[in-house]
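**Q** no sequence on this one, just coordinates:
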């Protein structure tokens, strides 16, 4: 299979501060990574598609200035939640697909963000 | 627009009995369909996929799924359930065209509980 890691696994921050979450593909190169939010007992909501070397594509309703995405290399994408508020508290998950058309996604273990 | 429906929030089966987790989809063109499983406190794991070919696809942990084009369904099945199969299961469809190209849409998830 393919391994995707996320760091940190959980983070607590105060309102108004920023938090950076890293997503790494450990054994393959990922030109595209995806960022999701998952609410308790609910499905995954796609936030944005992260493209290596170019700007991320955000889904409708997701504030690109609040959720900054950087995909600086073929193995690393970062999501920065800027000026965090309690309503940003959630479980954030990244995923990537292996190149070559296998199509299935490999997910990171997720990051639990709590904003106090 | 593409969509996935998992009509059952919860499925309960006894260990050793067959299980079915239902999924229907809507997508333009030929569907790329997936099942993922999420164990407590762990990331989503890929189970199986349908891209083309045989309608019955086999995946990890003894799971299989049947693609039915006329009913636009992709139900997940296992002949004999194990207690360790208890988890949250997601069906997903991947878009091929236009703004949905490369993006996966997930169902709301079905919690499977297998009782000893």
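**A** Sure, I can see it. From a predicted model like this one, the values you see are computed outputs, not experimental measurements.
**Q** grab the nearest non-local neighbour of residue 96.
**A** Here I'm looking at chain A. Nearest residue to residue A:96 in three dimensions, chain neighbours excluded: residue A:30, at 3.7 Å (Cβ to Cβ, 6 or more residues apart in numbering or on different chains). C-beta coordinates here come from the backbone N, C-alpha and C atoms, glycine included.
**Q** um, chain B though
**A** residue B:29 (5.5 Å).
**Q** can you report phi and psi for that neighbour?
**A** With angles defined as degrees, to the nearest 10, residue B:29 sits at phi 80, psi -170.
**Q** can you map out the helices along chain A?
**A** Counting by DSSP state H, chain A has no helices at all.
**Q** contacting residues for the residue nearest the centre of it?
**A** Geometric centre of chain A, nearest residue: residue A:35, 3.6 Å, by Cα atoms, centre = their mean. Applying Cβ atoms under 8 Å, 6 or more residues apart in numbering or on different chains, we find residue A:35 in contact with A:23, A:46-50, A:67, A:69, A:77, A:79, A:92-94.
**Q** so how far is residue A:50 from the residue of chain A most remote from its centre?
**A** Computed with Cα atoms, centre = their mean, the residue of chain A farthest from its C-alpha average is residue A:100, at 22.1 Å. Distance from residue A:100 to residue A:50, counting by Cβ to Cβ, to the nearest Å: 19 Å.
**Q** next one: residue A:59
**A** 12 Å.
**Q** one more: residue A:62?
**A** Distance from residue A:62 to residue A:50, by Cβ to Cβ: 12 Å.
**Q** understood, closing this out.
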